[in-house]
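Asker: Please find the sequence and the predicted model below.
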Amino acid sequence: MPLTNTASKFFTESVDLTTTSQTVVYTVPNNHSAVVKALIVANTDTSNRNITLEWYHADDASTHSILEGHQITGSNFEAVFNDNVPMYLHEGDILYITATTANTIVVTISVEEYYDPNR
């Protein structure tokens, strides 16, 4: 169980998808649990572009599709996770994103990490 009464760590970072290969957006560190407070996918191109978002669940070493071939309208963005729809992750879990066209998608993620000594 995470220690929610101790200090948590907040951070936000962005990843430019410069290839069409699967790209790591976030990995939960050892001995931590995390809450994804926001995951925003922006299409910087004027044409519609597709993305695939996957979650690697470390507990059972399985990968699950969250969005598969999902279209992001040109010059627009979508919030996949937010305060009303967060995602809870644990040690070793990974979020991956793949773009069908390089240099058109920017992903911004905001996470709160909790020390979880039992992980």
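Answerer: Received the coordinates, thanks. Residues are numbered from 1 along each chain as shown.

Asker: quick one: low-confidence parts of this structure?
Answerer: Applying pLDDT under 70 to the chain flags residues 1-6.

Asker: now the strands for this structure?
Answerer: Here the chain has its strands, by DSSP state E, at 9-17, 23-27, 32-43, 49-57, 62-72, 76-81, 87-90, 94-99, 105-115.

Asker: Just give me the residue closest to the centre of this structure.
Answerer: By C-alpha atoms, centre = their mean, the mean C-alpha position of the chain lies nearest to Leu95, the distance being 4.5 Å.

Asker: Quick check: it touching Val25?
Answerer: Yes. Assessed by C-beta atoms under 8 Å, Leu95 is found in contact with Val25 at 4.5 Å. Placement of C-beta: from N, CA and C, glycine included.

Asker: Can you pull the residues that touch both of those two?
Answerer: Common contact partners of Leu95 and Val25 (C-beta atoms under 8 Å, 6 or more residues apart in numbering): 39, 109.

Asker: Now do the same contact list for the residue nearest to the centre of the chain.
Answerer: Listed by C-beta under 8 Å, 6+ apart, the contact set of Leu95 reads 24-27, 36, 39, 53-56, 87, 89, 109.

Asker: again, only using 7 Å
Answerer: Residues in contact with Leu95 (C-beta atoms under 7 Å, 6 or more residues apart in numbering) are 25-26, 55.

Asker: Then Thr101?
Answerer: Residues in contact with Thr101, defined by C-beta under 7 Å, 6+ apart, are 20, 49.

Asker: Next one: it from Leu39, what distance?
Answerer: According to C-beta to C-beta, to the nearest Å, Thr101 and Leu39 sit 19 Å apart.
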